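Engineer: Next one to model:
(chains A and B)
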Amino acid sequence: MESFSSWVAGSGQAILPLIGACIVLLAWVLARRGSMRHYVGRITLDTALAVTGLVAYALTYGFPSMSFAGVDAELVPRVWAGLLVALAIARLVRVFRAKESPDPSAGRLDKVLLLMALLVLKMVGITWAGYFISAGLFVFMCGFLLGYRDVPKLALVAGGWVAFSYFVFYRLLSVPLPTGQLLAAILRR
Amino acid sequence: MQGLIGLLKAAGSLMGLQPLLLIAAGIVVGIMAGAMPGVSPSMGVALMVPFTYAMDPSLALVYLAAIYLAANYGGSITAVTINTPGTPSAVVTAFDGYPLARKGRAGEALGVSLVASFVGGAVGILVLMLFSGPLAKVALKFWPAEYFSLAVLGLSTIASMGGQNALKSAISAVLGLLICTIGMDPVLGVSRFTFGNVNLFDGFEFIPMLIGLLALSEVFVEVEKFDFASESVAGAEKAKWPSLGYYWKLRLSMLRASVIGTIVGIFPGAGATIATFISYDVEKRFSSTPEEFGQGMPEGVAAAEASNSASVGGALVPMLTLGIPGSATAAVLMGALMIHNLQPGPELFVKSPELIYKLFASLLIGNVIMLILGLAGSRLWINVTRVRKQILFPLIFAFAMIGSYAVNSSMWDVMVCLGFGMFGWILKRYGYPLPPLVLGTVLGEMAEVNLRRAVMMAGPTAIFQRPGSVALLVVAALSFAIPIIQAGKARQRA
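Structural biologist: Numbering: from 1, shown residues only, chains lettered A, B, ... in the order given. Here you go, the predicted model:
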């Protein structure tokens, strides 16, 4: 047990979640091929939840061993992780017994994924181009992505947002919004 | 009688132009601070403290208390209009407020939240004036065992939150509880699930997590539907404002929630958020149509907002009588009082009774001003629900991100917000309710810390050794079991 604890505290922190991710991937692949293909999403999600609980439970063995008056730091996380595993397995059993409705039909997943990509891009952009430029561009592009085609109005909304965030958050509330490396370089000149 | 005379005198002294303007300014600042995600009521009060340095101490207290009072209401505005609670305690308001807005009944939701805030605020202040002393003594008798049992009572509300998805609801709550264990262990300081990431040492910041789970996930769901035919959140419906009769029908919901809010608010550390969850659950149990909660029930909004505002009066009870702040905002308020050489505690009542009466009177007056300003403001807020979704959604994203950033001026919090938004969207797609997850994150630390403290103090059976704790646990067990038994019976009948 001692060696397992030290492994979990070391390389196990990376390997255990990786193994978990592989199990979820495997569940997804198997569910897609079998007779349960209409439940792929549910099976994958519930497997992911069960695996999360298992990995969390295993990770508690890597917590530094410290106890005060018989109370350890790992006690409560173990209870919650164990409960999560049990409940997620109960859900999987329900799915396999066909007591659940099939997966909801997919809508415009492309739009959702594009939107998420745009949000990530905005976060990356903030450090480079600064908050104000990336926020303005984001509002404009997001509106466009959602199908709004009145470009002048969209530009006005984006500009309005930039002005609002500058005056309320930056000036009034003194929130240090990042100016970005680009703007900083320009200002330095 | 002496108290009433003191109160009337204090109220008279506040009837000048300067005090009334100060209270009104405090209310406006408070509403704005509450409505802005990332700016908590405590931050709103703290930001305004420097402006009070030169003021007379009693006026400073009046001004800051007005901000505190209004900030708790302000959080409900964005919760109703864009499903983004401005404060953690406005989460429950969003459960029914936003669905009401989506049905084109934003006027009702905003009206009910305002009037319920007014009623809750008034009840909380009255309790503060009449029973501060004895109530504070009761609160002091609460040990960790009772606090743990109180958290369990709060958690038992998931049984009625899940509706027909009891299992999913339980998973959601356990996920929230597990998320709460991320970071430094609050008792021993052991690092848990941090993977060496410094950002995780304090766990996840509550507001970014909340905005992601509630606001972003909702927008992702809407974008996936990609049905912008109804154009705005409220659709084509014209705003209808509730009549007095409409509010009158909700009087019992408001009163019940106000009492719960005040009582829970008194316990230091329990706070408004737990009060709103418990009140919402109680209201659901009293309702003849509990299945409609979460889909736009005015009773849900009334319960959440009344208890939220009532907790303000409750939180001031231990602060004024014992010098123990009942909430984060009360702690800031206490700090502000100390800057003005006023030490909250029993002596304050003896040394400066006029100041206490002035505070009580200002809270009562502030509550009325909040109602008037809120009524006028609601006509403006409602326009948010009429903005086209294609314009509103980018603004919600922008608002969510800046609100998350503003909490700690950290990009990490923005990532947390986005991450929880995606996670919430996935859970929602497969029918997992998010309110139990939020509840788990609210109560997780309180339950763990107090359980461990209780065990340290009295051994593994600590929570069963104290009558108060046992009573709360029995109520929690009943509250958990009854909805499940009722649901089982209903299924058998069907």
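
Engineer: count of residues packed around B:Lys141?
Structural biologist: Number of residues near B:Lys141 (other Cβ atoms under 10 Å in any protein chain shown) recorded here: 9. The C-beta positions use only the backbone N, C-alpha and C, and glycine is treated the same way.

Engineer: Hmm, it is touching B:Gly468, no?
Structural biologist: Yes: counting by Cβ atoms under 8 Å, B:Lys141 does reach B:Gly468; the two are 7.4 Å apart.

Engineer: Show me the domain layout of chain A.
Structural biologist: A:2-96, A:109-188 (automatic domain parsing).

Engineer: got any ranges where chain A has weak pLDDT?
Structural biologist: Where chain A drops to pLDDT under 70, the residues are A:1-2, A:69-70, A:187-189.

Engineer: Reformat the domains of chain A as TSV; add distance to chain B.
Structural biologist: Formatted as TSV, those follow (distance: least, Cβ to the nearest Cβ, whole Å):
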stretch	distance to chain B
domain A:2-96	4
domain A:109-188	4
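
Engineer: The ones you listed: which one's closest to B:Pro318?
Structural biologist: Set against B:Pro318 and scored by Cβ to Cβ, the domains of chain A come closest in domain A:2-96, at 27.3 Å.

Engineer: what's the spacing between the closest one and its chain's center?
Structural biologist: 17 Å (Cα atoms, centre = their mean, to the nearest Å).

Engineer: Stretch B:81-92 too?
Structural biologist: On Cα atoms, centre = their mean, the centre of stretch B:81-92 falls 8 Å from the chain's centre.

Engineer: Do me a favour and get the end-to-end distance for it?
Structural biologist: Taking Cα to Cα, to the nearest Å, stretch B:81-92 runs 14 Å from one end to the other.

Engineer: Is that stretch positioned near chain A?
Structural biologist: No: contact of stretch B:81-92 with chain A (Cβ under 8 Å from any Cβ of the partner chain) is absent, the minimum separation being 13.5 Å.

Engineer: just to revisit the earlier point, indicate which one of the domains of chain A is closest to B:Ile484.
Structural biologist: B:Ile484 sits nearest to domain A:2-96 of all those, at 14.3 Å, using Cβ to Cβ.

Engineer: quick one on the thing from earlier: tabulate the domains of chain A in JSON lines, adding columns for mean neighbour count.
Structural biologist: Output for these, formatted as JSON lines (neighbours: other Cβ atoms under 10 Å in any protein chain shown):
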{"stretch": "domain A:2-96", "mean neighbour count": "17"}
{"stretch": "domain A:109-188", "mean neighbour count": "16"}
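
Engineer: Out of these, which is closest to B:Ala60?
Structural biologist: Across these, closest to B:Ala60 is domain A:109-188 (Cβ to Cβ), at 20.5 Å.

Engineer: Figure out how far the closest one is from the centre of its chain.
Structural biologist: Mean-position distance between domain A:109-188 and its chain equals 21 Å (Cα atoms, centre = their mean).

Engineer: mind listing what B:Glu224 touches?
Structural biologist: A:Ala106, A:Gly107, A:Arg108, A:Leu109, A:Lys111, A:Val112, B:Trp425, B:Arg429 (Cβ atoms under 8 Å, 6 or more residues apart in numbering or on different chains).

Engineer: Going by distance to B:Val28, which of those residues wins?
Structural biologist: B:Trp425 (35.2 Å).

Engineer: Tell me, how many residues neighbour the closest one?
Structural biologist: 22.

Engineer: Also the one 5 residues further on?
Structural biologist: Neighbourhood size, B:Tyr430 [other Cβ under 10 Å]: 16.

Engineer: Same check on the one 10 residues further on?
Structural biologist: The local packing of B:Gly440 (other Cβ under 10 Å) involves 24 other residues.

Engineer: Chain A: helices as residue ranges?
Structural biologist: With DSSP state H as the criterion, chain A has helices at A:2-9, A:12-33, A:40-59, A:75-96, A:109-129, A:131-145, A:151-164, A:180-188.

Engineer: Kindly report the same for the stretch 101-250 of chain B.
Structural biologist: Remark: helices assigned in the stretch 101-250 of chain B by DSSP state H, counting those that start in this stretch are B:106-140, B:144-155, B:158-161, B:166-180, B:206-211, B:217-225, B:244-249.

Engineer: Using JSON lines, please lay out those together with mean pLDDT.
Structural biologist: Output for the helices of the stretch 101-250 of chain B, formatted as JSON lines (pLDDT from 0 to 100):
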{"stretch": "helix B:106-140", "mean pLDDT": "83"}
{"stretch": "helix B:144-155", "mean pLDDT": "85"}
{"stretch": "helix B:158-161", "mean pLDDT": "68"}
{"stretch": "helix B:166-180", "mean pLDDT": "92"}
{"stretch": "helix B:206-211", "mean pLDDT": "82"}
{"stretch": "helix B:217-225", "mean pLDDT": "88"}
{"stretch": "helix B:244-249", "mean pLDDT": "89"}
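
Engineer: closest to A:Arg37 among the contacts of B:Glu224?
Structural biologist: Nearest member of the contacts of B:Glu224 to A:Arg37, counting by Cβ to Cβ, is A:Ala106, at 13.4 Å.

Engineer: burial of that closest one, as a residue count?
Structural biologist: 11.

Engineer: Quick check: closest non-adjacent residue to it.
Structural biologist: In this structure, A:Ala106 finds its nearest non-sequential neighbour in B:Glu224, 7.8 Å apart by Cβ to Cβ, 6 or more residues apart in numbering or on different chains.

Engineer: show me the contacts for residue 127.
Structural biologist: Using chain A. Taking Cβ under 8 Å, 6+ apart, one finds A:Pro178, A:Gly180, A:Gln181, B:Met411 in contact with A:Thr127.

Engineer: Hmm, no, I was thinking of chain B.
Structural biologist: B:Leu135, B:Thr262, B:Ala310, B:Gly313, B:Gly314, B:Val317.

Engineer: Among those, which has the minimum pLDDT value?
Structural biologist: The pLDDT minimum for those sits at B:Leu135, where the score is 68.

Engineer: can you list the residues of the stretch 201-350 of chain B near chain A?
Structural biologist: Taking Cβ under 8 Å from any Cβ as the contact definition, the stretch 201-350 of chain B meets chain A at B:Phe220, B:Val223, B:Glu224, B:Lys225, B:Phe226, B:Phe228.
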